[in-house]
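[1] Coordinates for the following, if possible.
(chains A and B)
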Protein chains: 2
Amino acid sequence: MARIYIEDLSHQVGEVINIHGWLYHKRSGGKIRFLVVRDGTGILQCVMAKGATPDEAFNSFDSLTQESSLIVTGKIRKDDRAPGGYEMELTNLQIIQIAKDYPITPKEHGVDFLMDHRHLWLRSLRQHAILRIRHQIIKSIREFFDDRSFVLLDAPIFTPAACEGTSTLFETDYFDLGKAYLTQSGQLYGEAGALALGKVYVFGPTFRAEKSKTRRHLTEFWMVEPEVAFNDLNDNMELAEEFLEYIVSSVLKQRAEELKALERNTKFLESVKKPLPRVSYDEAVEILRKKGVNFEYGTDFGGTDETIISEQFDRPVIVHRYPAKIKAFYMKRDPQNPDLALAMDVIAPEGYGEIIGGSQREDDLDTLLQRIREHNLPQSAFEWYLDLRRYGTVPHAGFGLGVERTVSWICGLDHVRETIPFPRMIYRLTP
Amino acid sequence: MARIYIEDLSHQVGEVINIHGWLYHKRSGGKIRFLVVRDGTGILQCVMAKGATPDEAFNSFDSLTQESSLIVTGKIRKDDRAPGGYEMELTNLQIIQIAKDYPITPKEHGVDFLMDHRHLWLRSLRQHAILRIRHQIIKSIREFFDDRSFVLLDAPIFTPAACEGTSTLFETDYFDLGKAYLTQSGQLYGEAGALALGKVYVFGPTFRAEKSKTRRHLTEFWMVEPEVAFNDLNDNMELAEEFLEYIVSSVLKQRAEELKALERNTKFLESVKKPLPRVSYDEAVEILRKKGVNFEYGTDFGGTDETIISEQFDRPVIVHRYPAKIKAFYMKRDPQNPDLALAMDVIAPEGYGEIIGGSQREDDLDTLLQRIREHNLPQSAFEWYLDLRRYGTVPHAGFGLGVERTVSWICGLDHVRETIPFPRMIYRLTP
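    Predicted coordinates:
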């Protein structure tokens, strides 16, 4: 008999089938016994009735524990009251293993306990919903760029130079070549890719050795970074808003059930349509001051500032043209005001903070050389990057979107730790 | 005027458009000048004729150098003789930058020189073809699993314990938690995922600090690792052959032009159809001996052995049931012969060697505990992994496919270094 998955039951009504899975929970009432079985793709209620069900199966009910592995056989019928919409009239039950003392019980557990048992915690329906939404987000990201003929450019994880100081970099010995540093961003490589292939996206894990213990920080997180030759800041903002609309609408369409399981209020998601509101840094500072924040012009926004700014809008807001001195050396200056960088951040609603950061890049060789000197960076480490300005330089722009913050926002989670199967944080390296 | 890409020219015949790009090469004959422009999506021949083309554009021909950045304007016409099938009657030429002394010229360069200029080498049509095939392979891998309801499970890069010795592991300091090691495989995490979600795939970069200088080795490479609950060795082999057929046929269909550009003989690719031939380790040893190889039973196959075995078949060959002592501790033993592991490798044709390695996993707690002791592994580091056998264990199986070796094979390359944008090898950490 072919193995059937619970998610495919709509084709199996009236058929006698096997489901391979685990006991999620059970209950009994009078002469009826219910086994709720999960197989990773859904849950199925299996019904046993004293007299109708073979005695051997019926009598094993008492021995079954949560997460015991089993194969259930029976006829499938549609039942709108049942979880998932189908029910099995159980006729055979094959127990593979009785799980003894499964650690995660329906009672409340502390976060540390659950994180220590992350390999088992992943079996909960809540974690299934989050991981399926994560999967959909990643799929939508790739679809978006693939459909627009971007070429995937996997940037290296090992990078040679600690360009912007080593304090937030993880390092490792690299044979006879000294130290290698784990990438914090594939952007510089993405720029080389854009000038070769027109439009590319880098998508991989990135690493920050920041000693941050906030609910937004992981030491290891995934980032997608598109980069497009001949794009300016305005093109970049348009790409970002089209991109966000695509991702969010894909999740709303494909993962409605999972959003419901997470009790996500989708009001703020449904409004993610382009155009997104755009405010300059100067205008954002005005917003803060009107709200009574004593904000010092020229500094960066903190988490609370971002929340206040985002609360003025019903969808993510793009903040552009930041003071150059708080932004990276490679950002192009605004020709209208050289104190400003042609940077843009997208701030998510509901206090989820910055999910996208990007800019138009400095494309003039001499200006970029000057920035490298101003930032006291070692020019030799950037010679290859400078080559991109020596040989056929063009305007170009790109941005980075952090996957885990996006998952956190779309799922409406309190903490980024549930957005990835095995999160890594300053105090967490296991399991 | 909207920006048009060369790959979309079929919709632009008869239209006057702009192409943003770089000079790939140029030539002149009589009163005609040809500029071949690349924009990352293709190349376009632009024609200028003395008298017909505005003098300013025509006269700038001499100043244009390889990789100069420019915007060309003109009417598009179909011309089957032209590379790409279209031609532009150039009416305007805007030079953005004249590239001086572009290092990579049409003459032959040594590999070290090209690798030092990898950021520019990526601009060659050959590298475009390889990277587009790489992209297609990765896209097909994800499509294959997504279409079959596998859930993407991003395994951690940082792992806590150096389980199988540290000699081939990269390590980094991890705050107050001691050392973290860069993952060599996400499999153990994939197993946790399979028991939670039924069928999952891990897909990310993996790392090996091997001091190997062969044409098959990178220190940083991408691997996809599906894992399926309730699959046995046979299911695993079926999944692997269906998977390989899917990937190869997608590339043949979607990237025929790129394969042609690489002058790839596709004979061995067209035959990649299931079922793949299957031979046991014992049968493979027989093949070697018949071919005159003095092979010691019980040892692992070397590169030359793999080539000889693969030459007996017109498509990839699956070798299964290896001696347990040369395989990993987590592999299940063959109930028919406990000296054998329920392992399988897929060996590519044409000397490309092993591209897939996998097995059914040991699912019995006591047996796995015994293996851990036999291999002198620290049990404490595996407690979470043992939990998967404590709480609802089930038969399960999976495999790993190395992306770069697959790209190398499908493209027909001599060396794995061209299969990834910025390769990392024992002697190569830049650019």
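[2] for the record, mean pLDDT for the helix or strand harbouring residue A:320?
    Using DSSP states H and E, residue A:320 sits in strand A:317-323. For strand A:317-323, the mean pLDDT works out to 98.
[3] buried set for that strand?
    For strand A:317-323, burial by neighbour count (16 or more other Cβ atoms under 10 Å in any protein chain shown) applies to A:317, A:318, A:319, A:320, A:321, A:322, A:323. (Each C-beta comes from the backbone N, C-alpha and C, glycine too.)
[4] For the residues you listed, give me TSV that also has distance to chain B.
    Converted to TSV, these look like this (distance: Cβ to the nearest Cβ, whole Å):
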residue	distance to chain B
A:317	27
A:318	21
A:319	26
A:320	21
A:321	23
A:322	26
A:323	28
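[5] What is the longest strand of chain A by residue count?
    Criterion DSSP state E: the longest strand present in chain A is strand A:16-29.
[6] Show me how far the next helix or strand after that strand is from its chain's centre.
    With elements assigned by DSSP H and E, the helix or strand that comes after strand A:16-29 is strand A:32-38. Per Cα atoms, centre = their mean, to the nearest Å, the displacement of strand A:32-38 from the mean C-alpha position of its chain is 34 Å.
[7] What pairs with strand A:32-38, parallel or antiparallel?
    Using DSSP bridges, the strands paired with strand A:32-38 are strand A:16-29 (antiparallel), strand A:43-49 (antiparallel).
[8] With mean neighbour count as new columns, can these be given to me in a markdown table?
    As requested, the strands paired with strand A:32-38 are exported to a markdown table (neighbours: other Cβ atoms under 10 Å in any protein chain shown):
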| stretch | mean neighbour count |
| --- | --- |
| strand A:16-29 | 18 |
| strand A:43-49 | 21 |
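[9] What's the nearest residue in the stretch 201-350 of chain A when you look at chain B?
    Distances between the stretch 201-350 of chain A and chain B by Cβ to the nearest Cβ are smallest at residue A:230, namely 4.5 Å.
[10] got a list of contacts for the strand holding residue A:320?
    Residues outside strand A:317-323 that contact it (Cβ atoms under 8 Å, 6 or more residues apart in numbering or on different chains) are A:233, A:237, A:240-241, A:276-282, A:284, A:297-298, A:300-301, A:309-310, A:334, A:337, A:339-347.
[11] tell me the contacts of the residue in the stretch 1-150 of chain A that chain B sits nearest to?
    For the stretch 1-150 of chain A and chain B, the shortest gap (Cβ to the nearest Cβ) falls at residue A:40, measuring 2.6 Å. By Cβ under 8 Å, 6+ apart, the contact list for residue A:40 reads A:5, A:21, A:128, B:151, B:194, B:195, B:196, B:197, B:198, B:199, B:229.
[12] Enumerate every residue touching the first one.
    For residue A:5, the contacting residues are A:19, A:39, A:40, A:41, A:42, B:149, B:198, taking Cβ under 8 Å, 6+ apart as the criterion.
[13] Can you lay out those residues as JSON lines showing pLDDT and secondary structure?
    Converted to JSON lines, the contacts of residue A:5 look like this (pLDDT from 0 to 100; DSSP: H, G, I helix; E, B strand; the rest coil):
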{"residue": "A:19", "pLDDT": "98", "secondary structure": "strand"}
{"residue": "A:39", "pLDDT": "98", "secondary structure": "coil"}
{"residue": "A:40", "pLDDT": "97", "secondary structure": "coil"}
{"residue": "A:41", "pLDDT": "96", "secondary structure": "coil"}
{"residue": "A:42", "pLDDT": "96", "secondary structure": "coil"}
{"residue": "B:149", "pLDDT": "96", "secondary structure": "coil"}
{"residue": "B:198", "pLDDT": "98", "secondary structure": "coil"}
